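Engineer: Fold the following, please.
(3 chains)
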Amino acid sequence: MLESKIPSGPIEKKWEKARFDFKLVNPANRRKHSVIIVGSGLAGAAAAASLAQQGYRVDCFCFQDSPRRAHSIAAQGGINAAKNYRNDGDSIFRLFYDTVKGGDFRAREGNVYRLAQLSVNIIDQCVAQGVPFAREYGGLLDTRSFGGVQVSRTFYARGQTGQQLLLGAYQALEEQEAAGSVKMHSRSEMLDLVLVNGKARGIITRNLVTGAIDSYAADVVVLATGGYGNVFYLSTNAKGSNATAIWRAHRRGALFGNPCFTQIHPTCIPVSSEHQSKLTLMSESLRNDGRVWVPKKQGDTRPPSQIPEDERDYYLERRYPSFGNLVPRDVASRAAKEVCDELRGVGPGGQGVYLDFADAIRRMGEAQVREKYGNLFDMYEEITGENAYKVPMRIYPAVHYTMGGLWVDYNLMSTIPGLFVAGEANFSDHGANRLGASALMQGLADGYFILPYSLPNYIASSPLEKVDTSHPAFAATKEEVSRRVATMVNVRGKRSVDSFHKELGKMMWENCGMARSEQGLKSNLEKIPALREEFWKNVNIVGTGEELNQSLEKAGRVADFLELGELMCLDALQRRESCGGHFRVESQTPEGEALRDDEHFSYVSAWEWKGEGGQWELHKEPLTFEYVHLAQRSYK
Amino acid sequence: MNLTLKIWRQQNAKASGAFVTYQVQGVTPDMSFLEMLDLLNENLQAKAEPPVAFEHDCREGICGACGFLINGVAHGGRRGTTVCQLSMRFFKDGDSVTLEPWRARAFPVLRDLAVDRSPFDRIIQAGGFITAPTGGAPEANNILVPKDSAETAFDAAACIGCGACVAACPNAAAMLFTAAKVTHLNSLPQGQPQRDRRTLSMVAAMTNEIFGSCTNHGECEAVCPKKIPIEFIGKMNRDLIHATLHHRGD
Amino acid sequence: MTESAETQQHPVAGNRFVAIWTSVIGKKVVMAVTGAVLILFVIAHMVGNLKIFSGQEEINAYSRFLREVGWPELGYGQLLWLVRIVLLVCAVLHITAAVQLTRMNWRALPVGYENRKDVETTWGAVTMRWGGLLLAVFIVFHLLHFTGGLVGFQSGQFEHLMVYQNVVAGFSVLPISLFYIVAMGALCLHLDHGIWSMFQTLGWVTVQNTKSIRTFSRLVAIIIFVGFISVPISVLAGWLR
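Structural biologist: Here you go, the predicted model:
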């Protein structure tokens, strides 16, 4: 069932071989073929624009009011590319190696190597589009080192790289819309996938302004709908980010890969109260100069300035003397959780650690700190009302990215023929942990350079009978969707959608977050179905389905999270090893570090939906490593 | 703290709207403005009243989805801040706060505080791009971009398309939005081949979407969450005149 | 929300000067350029007025000079008429563009706000339209008054080319002097925003020079205001008689 379709041959020739083996579609015939793309972020917009340029008829959907609002826009740090402009020893192989190792050996070598190869083309493409990357005085592109990496391979546009890359793709998309090759459907949310003879042939959407349930048919469907970090309620994701498209596809037969692999980012502003709706990321670059510490004493409520040096625990520097404050994201996050669990956390609720710039200010002066991080300090002050030049920042880890997603083969096709999945929505390239500045790279590689080859190959090599929305499969699926919406609206219970979402999020954060234990996961597996049952009996949605109804939109998404959350716990339970962002307390070294178990768990878990009520079947795609040698990560 | 909110309620684009006054209790200073509205909406729904519709997504000031007038000023009046980043620390117990949607003929209200900003997409469609079909790009460092051009381009490209400039403008003009994109692309070497055509088409599209024209009040700049300066409007004007006099047509 | 096909703007249609006039920004540029011509005239006019403080002979001679200048290539008063025609054309274009743009702006914002606060807007910007209208009314009156001698004088009081006597007699009427001073106030506000606007519309303002241009604009407006009102005030105070 799980055929990864990685081409044979040496790793550096695989993508070339695949492209040569792909079948082509005659330019004159492309207009006859239609593609549905759901999601307009980096992967979706890039794919839509590129396929439209080739001549396919593209319909692109997003739930926001404009494709420019996709959450790719919020990525701050930068985008990696193996250009080796700095002459500092970078290469495609090194980027590949770092990514496989950073992902803790749970990604496919073939995919990752291709990603590293394409990284180079992405920068060329984006520069040609007018993305205003940072420049040297000579006019050449500037790069920086990011996330503790030894080479400077990260291209950036101030702290808004994601925004600028997205606008580049968005502009290309709008150009194609003006040319009539893309039809954009904004404020439309995909609520189901339509299969005809086992192939993905269309989608059912809800118009978020009028509530109309519509059907769209095409030869191919692409899902580029982002990650599902909002299962945790609080995350750095946008409020609207959701799993509905991939979840509906999963229920129609697409396998879900590595659902439990979640990235928790160590430097976010801590939760301040029950009313908090969203967590704000502070750039990882702050760890280059800030020192992380907590008081040595439990429950120490003195203000930080009154805690003398010898009563402070600079725990990252203590535990990881060689990497110190620059340990990878998963390690830093877990360490913060541990000190807070020891009741040494700071700030409201004890859920925070200090990120202190006092030494940096002493060393290089306040002016230089301001120049480097001024915008971040301002943002911090705007949100917390605290001046980080005077008192240390408080930070705490937050859910940031989901490495898991729909399982796809090398060609980005899911287990449903004709259903492709791109960007964060698929499980592909990051293994168990994503390196900084790699998400933008993957989204754009998928959209600009992989789908435009692999998708035409599918069109050229599959018999595609003529199907339009008059096919009975559309009517049947549409009926199911309408019924589900109506059922949800008509519950008219007592509890708000948010209250369910918060309860689920809390459970997930406590037992399926930074540390996962058999006991905690099992308790979640009991509680989540009960909560789901209550949701369908007691949710309160005011208004109707035939109007702009934001509670209804949220409710649909939360209903899906209530199923996905269960699968994440199930996946976390079966993976009795620690790897990357997945830390099982039962699998650690005597010093409390993550312990991988390659003998038993060197595989991708791919879950098949087997019906309502928590029934799934686990499939395993074994992972083998020919080029990067399996090793335990160490940052001591 | 307790607040009195006077909010524009309108069921859909065709309905007529009106201000409705609500009391919201238990607001804490660490909440964001939108979290305060979340609280109001929870209370409204508990009483089976329809919650207030407002646009929002990233809640970190970059997606551009949120925005309405708070006490008469777009995004609430803190410089360089979107509504979603506005903290309740800046309000006091007993304050009375008026919330009104963006108003412009080009931005019809869809519901309550949510408006239709699709004209912005159509202005971009008219020419807010550099034609660079995927795959044909030259090696990135073959295009040298002087640092100050890159900086100007970035300052302009920082626009998040929230629409506050139109909302604050006494003429509902979209000049700052259009100028930001024109300046971004026209400042770069890659943008030169399409420079004249871009400027002409985007200005024409802006007019066709029935936005007003600039009277140099500077309200747009004052409320812009990305602090885009109105000097870019002047740059666009120059580019337009140059294009009008020199463009060879199609 | 687009209009029917015939009102659609096309990027470049036919003659390039027509094209400028048909675009919104083109109209603004027309306002800026004609405004600049009018400002230069206003400055020259003010400098001329100030000659009154040099005495009767001087200013009356200046008045004759304006008509004789250009001789022998041009006949008596021809250059003056040429200037008057240019000014008239500028004023007409300036006002037409203003009216058209204003109507366009009103169309763009059919529903006002219940409550919208200005953050940056100056008095000059706010009074642009109504102050401009007042100025138009004033100019008509002013031409009938001092140029034509058709209003504001008792019969036989106004004498062609006897500028000094006409000014003293004209400004001795208190309501006329007050109207004049109010109109100059409107002009001052109009220029405070207008001069800055002209630079901004033409794209000469940069982030670096914006403050200086605003100050310059205000300074010129104030100088013009003081220069013009010094005459009626001096008449009313009895310094000029």
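Engineer: So which residues of the stretch 1-150 of chain A form strands?
Structural biologist: When secondary structure is read from DSSP state E, counting those that start in this stretch, the stretch 1-150 of chain A shows strands at A:34-38, A:57-61, A:79-80, A:143-144.
Engineer: Comparing these by mean pLDDT, which bottoms out?
Structural biologist: Confidence, taken as mean pLDDT, is least for strand A:143-144 of the strands of the stretch 1-150 of chain A (a mean of 92).
Engineer: What is the subsequent helix or strand relative to it?
Structural biologist: strand A:154-155 (DSSP states H and E).
Engineer: wait, what's in contact with residue 98?
Structural biologist: Since no chain was named, I'll use chain A. A:V149, A:L435 (C-beta atoms under 8 Å, 6 or more residues apart in numbering or on different chains). Any C-beta I mention is one placed from the backbone N, CA and C, and that applies to glycine too.
Engineer: that answer is for a different chain, and I need it for chain C
Structural biologist: C:A98 neighbours (C-beta under 8 Å, 6+ apart): C:M31, C:R129, C:G132.
Engineer: for chain C, which spans come out with low pLDDT?
Structural biologist: C:1-14 (pLDDT under 70).
Engineer: how about the helices in it?
Structural biologist: C:16-22, C:24-50, C:56-68, C:78-108, C:123-126, C:128-142, C:163-171, C:174-201, C:210-237 (DSSP state H).
Engineer: would you list these in TSV and tack on distance to A:L24?
Structural biologist: Formatted as TSV, the helices of chain C follow (distance: least, C-beta to C-beta, whole Å):
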stretch	distance to A:L24
helix C:16-22	45
helix C:24-50	47
helix C:56-68	81
helix C:78-108	49
helix C:123-126	61
helix C:128-142	62
helix C:163-171	88
helix C:174-201	53
helix C:210-237	56
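Engineer: Would you tell me which of the strands of the stretch 1-150 of chain A gets closest to chain B?
Structural biologist: For chain B, the closest of these is strand A:143-144, at 10.9 Å, according to C-beta to the nearest C-beta.
Engineer: So which other helices or strands are in contact with that closest one?
Structural biologist: Packed against strand A:143-144 by the contact rule (3 or more C-beta pairs under 8 Å, 6 or more residues apart in numbering or on different chains; DSSP states H and E) you find strand A:154-155.
Engineer: Check which helices and strands the helix or strand just after the strand it packs on sits against.
Structural biologist: Per DSSP H and E, strand A:154-155 leads on to helix A:161-178 as the next helix or strand towards the C-terminus. Helices and strands touching helix A:161-178, as assessed by 3+ C-beta pairs under 8 Å, 6+ apart, comprise helix A:42-54, helix A:109-129, strand A:182-185, helix A:439-444, helix B:118-127, helix B:147-157.
Engineer: quick one, the second one and helix A:42-54 angle?
Structural biologist: Helix A:109-129 runs at 70 degrees relative to helix A:42-54, counting by axes from the mean of the first three to the mean of the last three C-alpha atoms, to 10 degrees.
Engineer: centre of the chain versus helix A:109-129, how much separation?
Structural biologist: Averaging C-alpha positions (C-alpha atoms, centre = their mean, to the nearest Å) puts helix A:109-129 18 Å from its chain's average.
Engineer: Say whether chain B is contacted by it.
Structural biologist: Yes - part of helix A:109-129 sits near chain B under the criterion C-beta under 8 Å from any C-beta of the partner chain, namely A:N121, A:I123, A:D124, A:Q125, A:C126, A:V127, A:A128, A:Q129.
Engineer: wait, the fifth one sits on A:G168?
Structural biologist: I take that to be A:C126. Yes - judged on C-beta atoms under 8 Å, A:C126 makes contact with A:G168 at a distance of 5.3 Å.
Engineer: How about residue 158, nearest residue that isn't a chain neighbour?
Structural biologist: Assuming you mean chain A. In this structure, A:R158 finds its nearest non-sequential neighbour in B:F154, 6.3 Å apart by C-beta to C-beta, 6 or more residues apart in numbering or on different chains.
Engineer: wrong one, I was asking about chain C
Structural biologist: Using C-beta to C-beta, 6+ apart, the closest residue to C:F158 is C:G149 (3.1 Å).
Engineer: now do C:H193
Structural biologist: Counting by C-beta to C-beta, 6+ apart, the residue nearest C:H193 is C:G124, at 3.3 Å.
Engineer: any idea how far the one you found is from chain A?
Structural biologist: Going from C:G124 to chain A by C-beta to the nearest C-beta, to the nearest Å gives 33 Å.
Engineer: Could you list which residues are in contact with that residue?
Structural biologist: Counting by C-beta under 8 Å, 6+ apart, C:G124 has contacts C:L189, C:H190, C:L191, C:D192, C:H193, C:G194, C:A221.
Engineer: And B:D116, by the same measure?
Structural biologist: Neighbour list for B:D116: A:D65, B:A13, B:F107, B:P108, B:V109, B:L110 [criterion: C-beta under 8 Å, 6+ apart].
Engineer: per-residue pLDDT, it?
Structural biologist: In this model, B:D116 carries a pLDDT of 98.
Engineer: so how far is A:L548 from it?
Structural biologist: 11 Å (C-beta to C-beta, to the nearest Å).
Engineer: swap in A:L562?
Structural biologist: A:L562 is 24 Å from A:L548, by C-beta to C-beta.
Engineer: With respect to chain B, which of the contacts of C:A98 is nearest?
Structural biologist: Set against chain B, the nearest of the contacts of C:A98 by C-beta to the nearest C-beta is C:R129 (8.6 Å).
Engineer: what about the closest residue to the closest one other than its chain neighbours, neighbour count?
Structural biologist: With C-beta to C-beta, 6+ apart as the criterion, C:R129 has its nearest non-adjacent residue at 6.1 Å, and that residue is C:T102. By other C-beta atoms under 10 Å in any protein chain shown, 17 other residues sit near C:T102.
Engineer: For B:L5, give the beta-bridge partners.
Structural biologist: Per DSSP bridges, residues listed as beta-bridge partners of B:L5: B:Y22, B:V97.
Engineer: what does the helix ranked longest in chain B contact?
Structural biologist: Ranked by number of residues, the top helix in chain B under DSSP H is helix B:231-246. With contact meaning C-beta under 8 Å, 6+ apart, helix B:231-246 is reached by B:156, B:175-176, B:178-180, B:182-183, B:186, B:195-197, B:199-200, B:203, B:214, C:12, C:16, C:19-20, C:23, C:25-26, C:28-29, C:199-207, C:210.
Engineer: No more questions from me, cheers.
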